[in-house]
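*Asks:* model the structure of this input:
(2 chains)
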Amino acid sequence: MLRACRRVLRSAGRIAYYNIFVTPGLPERLHRRALRAGPPAVASRGISQVDLLMRAGFKSVTEADLTAEFLKTARAWYEGRQSQEAQLRASCGDDWFKERQNDSRTMIHAIEEGLLRRSLFVAESG
Amino acid sequence: MKGKRQQEILKRFTERYATDASPALNTIERRAIGAVVGANGYTTVAQGDRLLTVLHLKPGKLLLDVGAGRGWPGLYLSERSGCRAVITDIPRPAIGAARLEAEQLALIGRCDFSLASGSSLPFRNATFDAVVHTDTL
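*Replies:* Numbers count the residues shown, from 1 in each chain, chains lettered A, B, ... in the order given. Next up is the predicted model:
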């Protein structure tokens, strides 16, 4: 996907993206647990995004760790749904509510344990 | 992402984007993201504003938002900066919702929409000044 993005960028074009990823270097068991805990599109490869960007031909690659903000936002979604429980169960169904909150709890625990991270990556097409 | 995992992700996102907005969902989104912008992920309004800066967006620039869902943050970035934008994603309900949102924001004149995968972008080489995506890799 990064190569495809670089292809469509003009010279000196810029890419910026937020990405949730499994903390590099985890033992296999924890890596699998992090994958299960993350959202559907969590980056799953063991290669860092910085390396992937450089391999795709991008220059001036920077990363800003935003894991603390990620945890705060994940908690806000969870607590927000909890505060609207009756309305959500009525409009979206009990199964929807239960599944969302279970998934959310699992992900929050994974962030707290250092299994999942989120960063802003910025780079130039060169 | 290929094969079974890709199909599973597409199914989950399609179901997610098919969920209609409601006062309760809007309240939760405002609490989590900082505004009601059709988001269901983790990119806050403050983080959207940060993208404006790092991408150097301004009128005349062309932005590609890959995996934009209902149009967040691509539509917001276009509205704030005056740049043109192309909004892409795979789930049809998401792109339909993004188009409706653009109509409501009077952005149809400078935003286009495309059903497209990030790994197979249907655009010519060197088309865009900036690319953004949020939690789609």
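*Asks:* where's the residue lying farthest from the centre of chain A relative to B:Glu29, distance?
*Replies:* Within chain A, the residue lying farthest from the chain centre (CA atoms, centre = their mean) is A:Ala90, at 29.5 Å. Note on A:Ala90: its distance to B:Glu29, by CB to CB, to the nearest Å, is 18 Å. (Glycine included, C-beta is placed from N, CA and C.)
*Asks:* with A:Ala74 instead?
*Replies:* From A:Ala74 over to B:Glu29 (counting by CB to CB), the distance is 14 Å.
*Asks:* swap in B:Ala46?
*Replies:* 14 Å.
*Asks:* give me the more crowded residue out of those two.
*Replies:* Set B:Ala46 next to B:Glu29 and count neighbours by other CB atoms under 10 Å in any protein chain shown: B:Glu29 wins out with 21 against 10.
*Asks:* isn't that one up against B:Tyr42?
*Replies:* No. Counting by CB atoms under 8 Å, B:Glu29 stays clear of B:Tyr42, with 11.7 Å between them.
*Asks:* so the residue most central in space within chain B, which of the three states?
*Replies:* Central residue of chain B (CA atoms, centre = their mean): B:Ala68, 2.4 Å from the mean position. On the three-state scheme (DSSP: H, G, I helix; E, B strand; the rest coil), B:Ala68 is labelled coil.
*Asks:* same check on the one 10 residues further on?
*Replies:* In the three-state summary, B:Ser78 is assigned as helix, counting by three-state DSSP.
*Asks:* what's the closest non-adjacent residue to A:Ser104?
*Replies:* The spatial neighbour of A:Ser104 that comes closest, neighbours along the chain excluded (CB to CB, 6 or more residues apart in numbering or on different chains), is A:Tyr78 at 4.3 Å.
*Asks:* tell me the contacts of A:Leu66?
*Replies:* A:Leu66 makes contact with A:18, A:118-120, B:47 under the criterion CB atoms under 8 Å, 6 or more residues apart in numbering or on different chains.
*Asks:* most widely separated two among those?
*Replies:* Pairwise distances across the contacts of A:Leu66 (CB to CB) peak at 11.2 Å, for the pair A:Ser119 and B:Gln47.
*Asks:* so what does the longest helix anywhere in chain A touch, helix or strand wise?
*Replies:* Using DSSP state H, we find that the single longest helix of chain A is helix A:94-112. In this structure, helix A:94-112 packs against helix A:28-37, helix A:67-83, helix A:85-92, strand A:116-124, with contacts taken as 3 or more CB pairs under 8 Å, 6 or more residues apart in numbering or on different chains; DSSP states H and E.
*Asks:* show me how far the one helix or strand A:Ala16 maps to is from its chain's centre.
*Replies:* Assigned by DSSP states H and E, A:Ala16 belongs to strand A:9-22. The chain centre lies 14 Å from the centre of strand A:9-22; the measure is CA atoms, centre = their mean, to the nearest Å.
*Asks:* which residues are in contact with A:Gly126?
*Replies:* A:Gly126 sits next to A:11-12, A:57-59 when contact means CB under 8 Å, 6+ apart.
*Asks:* which ones among those also lie next to chain B?
*Replies:* A:Ser11 (CB under 8 Å from any CB of the partner chain).
*Asks:* scan the contacts of A:Gly126 and report the most crowded one.
*Replies:* Ranked by the number of neighbours (other CB under 10 Å), the contacts of A:Gly126 place A:Phe58 first, at 24 neighbours.
*Asks:* what's the burial count for the closest residue to that one other than its chain neighbours?
*Replies:* Spatially, and ignoring its direct neighbours in sequence, A:Phe58 is nearest to A:Ala123 (3.7 Å; CB to CB, 6+ apart). A count of nearby residues for A:Ala123, using other CB under 10 Å, gives 28.
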